[in-house]
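Student: Turn this into a model:
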Amino acid sequence: MRSNALSYRRVFAVAVAGVLALPVLACSVDAGDPATPASPSRNPDSDGSPRADLAPHWNALVARSGGALAVRWSPRGTPMSVFGNLSGPGAVASAAMARRFLADNAELLQVGSGRVDLDEDATLDSPLGTHVSFVQRHDGVRVFGAEVKVHFNRDGRIVALNNTSVPDLQLDTQPAISAQRALAAALATGRATDLDDAPETPELVVYTGGDAPALAYRVVLSTEGPTLEFFVNAKTGAVIGEPTDINHYVNGTGQVFKDNAVVATQNNNLVDGNDANSAVPSNAYSMVTLQGLNGNNRLDGQFASGSASRSRAAGTNNNFIFLRNTNAFSETMAYFHLDFAQRYIQSLGFTNVNNRQQVFSVDRSRVDNSSYSPSNKRITYGTGGVDDAEDGEVIVHEYGHSVQDNQVPGFGRTEQGGAMGEGFGDYLAATVNASLAGNFQINCIAEWDATSYAAGVPHCLRTLDSTKHFPQDADGEVHDDGEMWSASLFQIRTALGAALADKLILQAHFLLSSSANFSDGSNALVTAAINLGFTAAQVNTVRTILRNRGFTVTA
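Tutor: Numbering: from 1, shown residues only. Have a look, this model is predicted:
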């Protein structure tokens with residue numbers, strides 16, 4: 001049955017030109033040792049190397065310091081970080097002293113003399129000494145991420161320097177669009193949903209993270225999950241690159257079934273026992289890392305949140321250790337498996353497929369059914385029979401609908417499209433959980449949840465090895481007809497291997513419309529295989545599998 005919800009059963013820190021992300025490089029130069037070159041050399045761990053014309057100025061700094069210095073070079077060839085005794089002891093540390101040091105080393109650092117305009121930002125004291133920081137501006141506009149810091153110890157000696165400034169900028173700083181238009185452009189990407197606060201006024205900055213500096217607006221949108229940072233070109237209104245999640249996350253610990261209790265124990269005789277703890281042995285449980293948590297002792301994180309649940313799981317020091325007789329266990333299960341599924345998708349090279357916080361509930365429906373709602377983008381897991389969120393395959397099946405809705409908004413407007421959606425959800429549930437827990441009964445979907453209603457052993461909601469053929473076996477019910485699609489996808493996986501098939505199947509979704517049918521889906525798979533660089537034999541394998549199932553393939 002189709003409705004506005006997709007169910008699983010029939011009833012159902014931006015880097016500045018890359019320099020901020022470089023690993024620390026220790027390049028020691030001792031001016032007193034003739035065997036050690038005074039001019040710094042390229043370190044294989046660094047993305048930058050020193051400019052040849054700066055060598056005399058570097059040698060002069062080394063000579064004045066009278067000792068070894070550790071340096072990391074920026075891609076521009078200037079020192080980005082320097083550690084060591086950069087000066088002798090001085091008077092009381094101050095911004096004026098810092099500026100004097102920068103002026104003395106202006107050629108080496110490529111600051112001053114019209115190259116870089118520095119504004120004092122802050123002077124802070126610490127147990128070590130005094131830290132003076134400057135921000136770079138160009139015609140009064142902040143150069144995002146560009147700063148210079150000078151660090152004094154208690155004796156007034158400069159012992160460290162940071163420099164991410166960008167010299168010799170040539171850029172018009174008059175925007176052609178308004179801040180509100182930039183905000184609208186960021187919102188129009190659809191990446192920031194469920195805003196939890198009014199957006200900040202976008203800031204006009206010089207953005208230097210691309211191939212060339214650009215005048216841009218920095219737009220920050222805080223959602224119930226990520227806090228997304230966008231840059232919008234202030235001349236054209238185009239969003240620059242992908243947004244960055246600037247939240248800081250923590251890891252926690254959770255107790256879950258990997259996949260589900262049957263797979264974890266490889267015991268098909270388990271029964272629900274009305275949520276009794278005694279119905280499932282202790283060896284079904286595993287301790288896992290819960291990644292990407294917000295750190296609020298709730299199951300809210302980068303890619304998943306149980307915030308739609310009525311009664312929330314409460315952690316202790318971000319540890320969520322529960323048994324199956326509580327809804328808190330189901331919420332922990334859903335968080336772990338949803339987060340794992342998104343990280344698995346990203347491991348295949350897709351950083352923009354449902355890369356958002358998936359909100360879910362585990363205690364709002366008492367029926368033995370789960371659903372994804374395209375209207376509010378939330379997943380509801382039912383508690384009838386075996387609680388649906390106790391089965392990782394049910395959890396990920398519903399996430400499959402969310403994935404397809406994200407790639408092709410409104411996907412499944414036709415019956416065949418709906419069948420492809422159900423088939424893909426089953427396939428995704430199997431392949432993701434196999435990467436987590438192995439291939440035990442991989443063809444059998446949701447064998448733990450199905451103990452409440454499916455006859456036979458193993459108990460299966462549906463299987464991936466159906467022999468149904470199109471169009472003879474089509475009955476117009478999306479879950480039934482979805483078995484033809486999932487079986488075809490699983491045959492492709494068997495022939496090509498999991499990673500290659502999973503990448504192909506996700507890629508093919510981008511080629512579909514919301515009204516796609518089996519023929520569209522088949523041609524999209526073949527077209528994706530060709531353009532992903534598959535061999536002719538691999539492409540023919542995909543064609544043959546789909547044609548043998550009865551689907552029309554003309555690509």
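Student: where's residue 487 relative to residue 136, distance?
Tutor: 59 Å (C-beta to C-beta, to the nearest Å). All C-beta spots, glycine's among them, are computed from the backbone N, C-alpha and C.
Student: For the stretch 451-555 of the chain, which segments count as strands?
Tutor: 462-463 (DSSP state E, counting those that start in this stretch).
Student: how near is the residue lying closest to residue 525 once chain neighbours are set aside to residue 156?
Tutor: Nearest residue to residue 525, sequence neighbours excluded (C-beta to C-beta, 6 or more residues apart in numbering): residue 508, at 4.7 Å. Taking C-beta to C-beta as the measure, residue 508 falls 65 Å from residue 156.
Student: Domain-wise, how is the protein divided?
Tutor: The record's domain split for the chain, according to automatic domain parsing, is 19-163, 179-245, 250-548.
Student: Name the stretch among these that sits most buried.
Tutor: The highest mean neighbour count among these, using mean count of other C-beta atoms under 10 Å, belongs to domain 250-548: a mean of 20.
Student: need the helices for the chain, in chain order.
Tutor: 55-65, 95-104, 106-109, 179-188, 261-265, 327-347, 392-407, 415-437, 478-496, 498-509, 518-531, 536-548 (DSSP state H).
Student: Of all those helices, which one is nearest residue 230?
Tutor: Closest approach to residue 230 among the helices of the chain is made by helix 179-188 (4.1 Å; C-beta to C-beta).
Student: Now do that closest one, average pLDDT.
Tutor: For helix 179-188, mean pLDDT rounds to 96.
Student: what's the answer for stretch 508-521, then?
Tutor: 93.
Student: Could you do stretch 252-261 as well?
Tutor: Here the average pLDDT along stretch 252-261 is 98.
Student: ditto for stretch 156-176
Tutor: On average, stretch 156-176 scores 93.
Student: roughly how far is it from the heart of the chain?
Tutor: Offset of stretch 156-176 from its chain centre (C-alpha atoms, centre = their mean, to the nearest Å): 30 Å.
Student: Can you get me the start-to-end distance on that stretch?
Tutor: Start and end residues of stretch 156-176 are separated by 47 Å (C-alpha to C-alpha, to the nearest Å).
Student: what's the answer for stretch 523-538, then?
Tutor: In stretch 523-538, first residue to last residue: 14 Å (C-alpha to C-alpha).
Student: Longest strand in this protein, by number of residues?
Tutor: Longest strand in the chain by number of residues (criterion: DSSP state E): strand 141-153.
Student: ok, it: who's next to it in the sheet?
Tutor: strand 129-138 (antiparallel), strand 158-163 (antiparallel), strand 203-207 (parallel) (DSSP bridges).
Student: Which of these sits closest to residue 84?
Tutor: The nearest among the strands paired with strand 141-153, by C-beta to C-beta, is strand 158-163 at 7.0 Å.
Student: Residue ranges in this protein under the pLDDT threshold?
Tutor: 1-47 (pLDDT under 70).
Student: Quick one: the strands paired with strand 141-153 as a markdown table, columns for distance to residue 186 too.
Tutor: Compiled in a markdown table, these are given as follows (distance: least, C-beta to C-beta, whole Å):
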| stretch | distance to residue 186 |
| --- | --- |
| strand 129-138 | 23 |
| strand 158-163 | 30 |
| strand 203-207 | 12 |
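Student: Out of these, the one nearest residue 58 is which?
Tutor: Proximity to residue 58, assessed across these by C-beta to C-beta, is greatest for strand 158-163 (12.4 Å).
Student: Grab the nearest non-local neighbour of residue 503.
Tutor: residue 348 (4.7 Å).
Student: Touching, that neighbour and residue 501? I think so.
Tutor: No: counting by C-beta atoms under 8 Å, residue 348 stays clear of residue 501, with 10.2 Å between them.
Student: what separates residue 511 from residue 504, distance-wise?
Tutor: 11 Å.
Student: Quick check: neighbours shared by these two?
Tutor: residue 528 (C-beta atoms under 8 Å, 6 or more residues apart in numbering).
Student: quick one, what contacts the closest residue to residue 224 other than its chain neighbours?
Tutor: Leaving aside its sequence neighbours, residue 224 sits nearest to residue 194 (C-beta to C-beta, 6+ apart; 4.4 Å). Residues near residue 194 by C-beta under 8 Å, 6+ apart: 223, 224, 225, 357, 359.
Student: same thing with residue 294?
Tutor: 247, 249, 250, 300, 301.
Student: do the same with residue 300
Tutor: 224, 225, 293, 294, 306, 307, 357.
Student: quick one, phi psi at the fifth one?
Tutor: Read that as residue 306. phi -90, psi 20 (degrees, to the nearest 10).
Student: so it touches residue 363, yeah?
Tutor: No: Residue 306 is beyond contact range of residue 363, at 9.4 Å (criterion: C-beta under 8 Å).
Student: Minimum distance to residue 210: which of the helices of the chain has it?
Tutor: The nearest among these, by C-beta to C-beta, is helix 179-188 at 16.1 Å.
Student: now the closest one against strand 203-207, angle please.
Tutor: 70 degrees (axes from the mean of the first three to the mean of the last three C-alpha atoms, to 10 degrees).
Student: elements contacting helix 179-188?
Tutor: Packing partners of helix 179-188 (3 or more C-beta pairs under 8 Å, 6 or more residues apart in numbering; DSSP states H and E): strand 214-222, strand 227-233.
Student: Tell me the spacing between the nearest residue to residue 340 once chain neighbours are set aside and residue 286.
Tutor: Nearest residue to residue 340, sequence neighbours excluded (C-beta to C-beta, 6+ apart): residue 436, at 6.1 Å. Distance, residue 436 to residue 286, by C-beta to C-beta: 10 Å.
Student: One more: residue 358?
Tutor: 22 Å.
Student: again with residue 342
Tutor: 19 Å.
Student: likewise residue 143?
Tutor: Distance from residue 143 to residue 286, by C-beta to C-beta: 48 Å.
Student: For the residue found closest to residue 335 once you drop the neighbours it is linked to in the chain, list the residues it contacts.
Tutor: In space, and not counting its chain neighbours, residue 335 is closest to residue 299: 4.2 Å by C-beta to C-beta, 6+ apart. Residues counted as contacts of residue 299 (C-beta under 8 Å, 6+ apart) are 290, 293, 305, 306, 312, 313, 315, 320, 331, 332, 335.
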